[in-house]
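In: structure, please.
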Amino acid sequence: MAIPQGLQTFKESETGKRFSLQNERLLKVELEGATIQARSGAMVAYQGEVKFEHAGSGGLSRMMKRAATGEGVKLMKLTGTGEVFLADNAQEVHLIPLNDERITVASENLLAFDAGIDWNIRKVEGASGVMAGGLFNLELTGTGTVALVSHGPPMLLELDGTTPTFADPQAAITWSSGVRTSIKTDIGLKTLIGRTSGESIQMAFEGQGWLLVQPSEGVVSAAGRPSGGALGNILGG
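Out: I've put the predicted structure just below:
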């Protein structure tokens, strides 16, 4: 049966690239014998020979860090010769190429990354005791492509090293290696800033580089707390 005329616009696009966007909310990964890691449950379709495995914690030291930070984003390892289509709750997908570079990512905004990219868990300075154990994020280092998701179109802020920059912990999704983070609290702003629970906690960003923020505080969980952003779970087993 021929493809109906009304569906032609949704046909799969062929780019020949490892990572490519089929639309703003759907990522296509062509494995061709390569290995990638992706958020467990993010697969919406695949073609060809693809093997799915639990990615594990990546070594004892990172397993201990994962245990210390609580539950985590479960990763799956994808290998084979086929193509996989990934998405996460119809969020917008963004591709960031790294060339022996480092970025920091809020774990709930991570969708997939190349096997040539290493990860580690980092605590935000000054975050001890804040919000049930502190703030933790993922540090991704190496060469390859990182796929992130955001709730709505994100905004890129350039940091010049002189202008103070602050963001809601749930809205900051990734930033460059030249940026340092810390925590700012202000009791007087408790009922004015943020929508999570009236908290007065903000992330401060210093240094030169860039910061990407989403126009949302993430998906609200059953407990009534947004699950996205820098407080997101870190790589659970």
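
In: which residues does Ile117 bridge with?
Out: Beta-bridge partners of Ile117, counted by DSSP bridges, are Gly142.

In: quick check, it in contact with Glu139.
Out: No. Between Ile117 and Glu139 no contact is recorded; they are 10.4 Å apart, counting by CB atoms under 8 Å. For glycine as for every other residue, the C-beta is placed from the backbone atoms N, C-alpha and C.

In: neighbour-wise, which of the two wins?
Out: Ile117 (19 against 14; other CB atoms under 10 Å).

In: show the contacting residues for that one.
Out: 98, 140-144, 146 (CB atoms under 8 Å, 6 or more residues apart in numbering).

In: do that again at 6 Å, thanks
Out: 140, 142, 144 (CB atoms under 6 Å, 6 or more residues apart in numbering).

In: now those residues as a markdown table including pLDDT?
Out: Output for these, formatted as a markdown table (pLDDT from 0 to 100):
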| residue | pLDDT |
| --- | --- |
| Leu140 | 96 |
| Gly142 | 97 |
| Gly144 | 96 |
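
In: how close does Glu217 sit to Ala167?
Out: Distance from Glu217 to Ala167, counting by CB to CB, to the nearest Å: 11 Å.

In: burial of the closest residue to Glu125 other than its chain neighbours, as a residue count?
Out: Nearest residue to Glu125, sequence neighbours excluded (CB to CB, 6 or more residues apart in numbering): Ser182, at 4.7 Å. Counted with other CB under 10 Å, the burial measure for Ser182 works out to 14 neighbours.
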